[in-house]
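[1] 3D model of this:
(one chain, ligands or ions: 1)
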Amino acid sequence: MPSKPNPVSTWREYFASMLAMPLHPLYAQIDPYLPKHGKALELGAGVGHGVLHLLKKGLDVTAVDAEPEAARILSERAPQATIIESRFKDKDLPSATYDVVVAGFSLFFLTQQELSEFWPRLLASMKSGAIFAGEFLGLNDDWAKEGYLGHPEPEIRRMLSSFEILHWQEDERGGKTSQGTTKHWHVYHVVARLR
Ligand SMILES: C[S@@+](CC[C@H](N)C(=O)[O-])C[C@H]1O[C@@H](n2cnc3c(N)ncnc32)[C@H](O)[C@@H]1O
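    Numbering: from 1, shown residues only. So this is what the prediction gives:
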């Protein structure tokens, strides 16, 4: 089964629009907690702005993305990274390996069942003290209403119960997508440390 479609357009058009976008501001929240070296996992790396940033910070980066077009762009832009074209649910994860995991706007493409199975495997792949950062969709997000995976805040906090929360921002507002379409956003931006 292919991964869920991009909510606005084709993935190819989405990636083309993302190439013109800057690094997401969440990385400014992640940076103070990054180790000087170590292993990072970018889940749903897209066109790789985050991958390039983490490489520049001295990390050894593995980028996972289900879309062949993303894997192609990543190989061109970030040949120093290990690029894996795979759905999250099909990816074997080594145990206690990663110092940093970033899932920027990517986990809500999973079904609840996939996430419930994937999340404990992801936590087991992180070292004690490792940093997790990423986004979860709130229930009022237009995409949550269209079938992408939204969560109530207590459920996100429950998933993060074995973490110390370092940054938490709930962002709910009318706005636009990277492709210029109007959208109601309801997103939780999180940086957390595995205890
Ligand atoms: C909205 S984009 C975010 C890209 C990037 N992290 C960012 O914040 O700009 C979501 C990315 O996750 C990937 N993706 C979606 N579902 C996936 C799945 N089930 N397994 C692996 N990658 C997936 C998409 O191909 C896409 O590159």
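
[2] would you put the C-alpha positions of the longest helix anywhere in the chain in PDB?
    Counting residues, the longest helix found in the chain (DSSP state H) is helix 112-124. Provided in PDB are the C-alpha atoms of helix 112-124 (Å, rounded to 0.1, in the frame of the first residue of the first chain):
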ATOM      1  CA  GLN A 112      -3.300   5.300  14.400                       C
ATOM      2  CA  GLN A 113      -2.600   1.600  14.200                       C
ATOM      3  CA  GLU A 114       0.700   2.200  12.300                       C
ATOM      4  CA  LEU A 115       1.700   4.900  14.800                       C
ATOM      5  CA  SER A 116       0.800   2.700  17.800                       C
ATOM      6  CA  GLU A 117       3.100   0.000  16.500                       C
ATOM      7  CA  PHE A 118       5.800   2.400  15.300                       C
ATOM      8  CA  TRP A 119       6.100   4.700  18.300                       C
ATOM      9  CA  PRO A 120       7.400   2.100  20.900                       C
ATOM     10  CA  ARG A 121       9.900   0.900  18.200                       C
ATOM     11  CA  LEU A 122      11.000   4.400  17.700                       C
ATOM     12  CA  LEU A 123      11.500   5.000  21.400                       C
ATOM     13  CA  ALA A 124      13.500   1.800  21.700                       C
END
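
[3] First-to-last residue distance for stretch 86-100?
    End-to-end span of stretch 86-100 (Cα to Cα, to the nearest Å): 19 Å.

[4] actually stretch 60-71, not the one I typed
    17 Å.

[5] Average pLDDT for it, rounded please.
    Averaging pLDDT along stretch 60-71 gives 98.

[6] Around the ligand, which positions in the chain sit nearby?
    Neighbours of the ligand within the chain, by Cβ under 6 Å from any ligand atom: 3-4, 11, 18, 24, 44-46, 64-67, 70, 87-88, 104-106, 109-110. Every residue, glycine included, has its C-beta placed from N, CA and C.

[7] Keep only those of those that are in strands.
    In this view, the residues of the chain next to the ligand that belong to strands under DSSP state E are 64-65.

[8] If any of the residues of the chain next to the ligand are buried, give me the PyMOL selection for them.
    Of these, the buried ones can be selected in PyMOL as follows, counting by 16 or more other Cβ atoms under 10 Å:
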select buried, resi 3+11+18+24+44+45+46+64+65+66+67+70+87+88+104+105+106+109+110
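
[9] Need the residues that contact stretch 104-120.
    Contact with stretch 104-120 is made by 3-4, 24, 26, 42-44, 46, 50, 88-89, 133-137, 143-144, 148-150, 159, 187, as judged by Cβ atoms under 8 Å, 6 or more residues apart in numbering.

[10] Stretch 141-152 now?
    Applying Cβ under 8 Å, 6+ apart, the external contacts of stretch 141-152 come out as 4, 7, 107-112, 115, 136-140, 159, 183-187.

[11] List the buried residues of it.
    141-144, 148-151.
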